[in-house]
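Fold the following for me, if possible:
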Amino acid sequence: MSKRDYYEVLGVAKSADDKDIKKAYKRLAMKFHPDRTQGDKAMEEKFKEVQEAYEVLSDEQKRAAYDRYGHAGVDPNRGAGGGAGGADFGDIFGDVFGDIFGGGGGRRGQSRAQRGSDLRYNLEMSLEDAVRGKSVDIKVPTMVGCDSCDGSGAKKGTSAKSCPTCHGAGQVTMRQGFFAVQQTCPTCSGRGKIIPDPCSKCHGEGRIEKTKTLSVKIPAGVDTGDRIRLTGEGEAGMHGAPAGDLYVQVHVKEHPIFVRDGNNLYCDVPLSFTTAALGGEIDVPTLDGRVKLKIPAETQTEKMFRLRGKGVKSVRGGGVGDLVCKVVIETPVNLSDKQKDLLRQLDDTMAGDGEAKHRPKSKGFFDGVKKFFDDLTS
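Sure, this is the predicted structure:
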């Protein structure tokens, strides 16, 4: 039994847009849905018919094939029967499914030039350069368009000619019974053209090896993993095809002082025993120079100090991060006998005042240890 026209099924004109087709489908789907028709077989078949019509007309490629070949264009089982107004099934198979077998459009004589490959360049930078940004010159070994033949691959004064095997289509059709499969033309490798008299410099490829020197502007705030795309600076395509792109991959080298995390910078700052106990000021390095950091008396090791706005401004925008300084108290080394004696006197005076007064953390710790062992033995 022949199928009804899909536009007739949905009750829309052939010029209907996607919105009208969707609206018609919803209306009919609700009308014929099995939940509403109480097992009516005729209504169930109409519902299936509506679904089938919508599946085809809502898909841009299927609708184009249906408009051109009718039901045979979207139903391979009907193709051998000679639908689509007498269209050859090989044409249908090649135009609708050609992309699966090496690219569609071959029968229309439109071969695609192969774009050049993308390239990646790994760029190592110092933290200072990454934060401030700079222009760098890089050398990239690549394939560039041949200057002798202007990338055509043909000797100067000559030109490429249409392939005699595929007649410029770039593909040939292999037929077996009712089926036709398109394959890349073996003579021209899918280009649709051959070069009878190739360029002596590039041997017909239209490109040659060369090391290019490029100036790359690195924006301020980049970090490891960021990529900068240079359009058209990759490998040149063959026979005048467009060039690929170059991606500059940034890697920021390890810094001797700072560690970056997002927009913030972190560093460890050594602090003398006396400054930690009595307080004072110390010089702290930043990417913009030294700044004074005020240390309050009785500062403990690993205390964090935050310097607002001394971090990094990300390349993606937003505010400037902070510099977070962690002080690390240094134990005095290489002490003289006199210095050692002074420390013993200091320790004696603190012990006389009561350990909890001068070393509250130590007392709390040892009290906890005593309780732990008491609980084990009780």
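
Tell me the secondary structure of Val181, please.
strand (DSSP: H, G, I helix; E, B strand; the rest coil).

swap in Pro141?
Under three-state DSSP, Pro141 falls in the strand class.

Now do the contacts for the residue lying closest to it once chain neighbours are set aside.
Distances taken as C-beta to C-beta, 6 or more residues apart in numbering put Thr211 closest to Pro141, at 4.8 Å, once the chain neighbours are dropped. Glycine gets a C-beta too; all of them are placed from N, C-alpha and C. For Thr211, the contacting residues are 139-142, by C-beta atoms under 8 Å, 6 or more residues apart in numbering.

can you dump the C-alpha coordinates of the host helix or strand of Ile208 into CSV?
Assigned by DSSP states H and E, Ile208 belongs to strand 207-218. Taking Å, rounded to 0.1, in the frame of the first residue of the first chain, the C-alpha atoms of strand 207-218 are listed here in CSV:
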residue,chain,number,x,y,z
ARG,A,207,53.7,23.7,-0.2
ILE,A,208,57.2,23.4,1.1
GLU,A,209,58.9,23.0,4.5
LYS,A,210,60.0,26.2,6.2
THR,A,211,60.7,27.6,9.7
LYS,A,212,58.6,30.6,10.3
THR,A,213,59.4,33.3,12.9
LEU,A,214,56.2,34.7,14.5
SER,A,215,55.7,37.4,17.0
VAL,A,216,53.1,36.3,19.6
LYS,A,217,51.5,38.8,22.0
ILE,A,218,51.0,37.1,25.3
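
ok now that strand, how far from the chain's centre?
How far strand 207-218 lies from its chain's middle: 23 Å, per C-alpha atoms, centre = their mean, to the nearest Å.

How much space separates the residue nearest to Pro141 from Val248?
Thr211 sits 16 Å away from Val248, going by C-beta to C-beta, to the nearest Å.

all strands of the stretch 101-250 of the chain, in order?
In the stretch 101-250 of the chain, the segments counted as strands under DSSP state E, counting those that start in this stretch are 119-125, 134-145, 161-162, 171-176, 179-184, 193-194, 207-218, 227-230, 246-252.

Check which helices and strands the fifth one is in contact with.
Pointing back at strand 179-184 there. Strand 179-184 sits against helix 89-97, strand 171-176, with contacts defined as 3 or more C-beta pairs under 8 Å, 6 or more residues apart in numbering; DSSP states H and E.

mean pLDDT lowest for which of those?
Mean pLDDT across the helices and strands packed on strand 179-184 is lowest at helix 89-97; the value there is a mean of 35.

Quick one: residues contacting the spatially closest residue to Val136 that is not a sequence neighbour.
Spatially, and ignoring its direct neighbours in sequence, Val136 is nearest to Val216 (5.5 Å; C-beta to C-beta, 6+ apart). Residues in contact with Val216 (C-beta under 8 Å, 6+ apart) are 123, 135-138, 228, 230, 248.

Before we move on, what's the pLDDT of Leu265?
With respect to pLDDT, Leu265 scores 96.

ignore the last one, Gly354
For Gly354, the pLDDT comes out at 67.

So what's the residue count around Met350?
Met350: 13 surrounding residues under other C-beta atoms under 10 Å.

Equivalent analysis for Ser135, please.
Neighbourhood size, Ser135 [other C-beta under 10 Å]: 8.

Give me the distance between it and Glu44.
On the measure of C-beta to C-beta, Ser135 and Glu44 end up 70 Å apart.

pLDDT below threshold where in the stretch 51-200 of the chain?
Low-confidence segments of the stretch 51-200 of the chain, defined by pLDDT under 70, span residues 73, 75-113, 176-179.

what do you get if the cut-off is 50, keeping everything else the same?
In the predicted model, the stretch 51-200 of the chain carries pLDDT under 50 at residues 78-111.

So which residues of the stretch 151-300 of the chain form helices?
Taking DSSP state H, counting those that start in this stretch, the helices of the stretch 151-300 of the chain run over residues 273-278.
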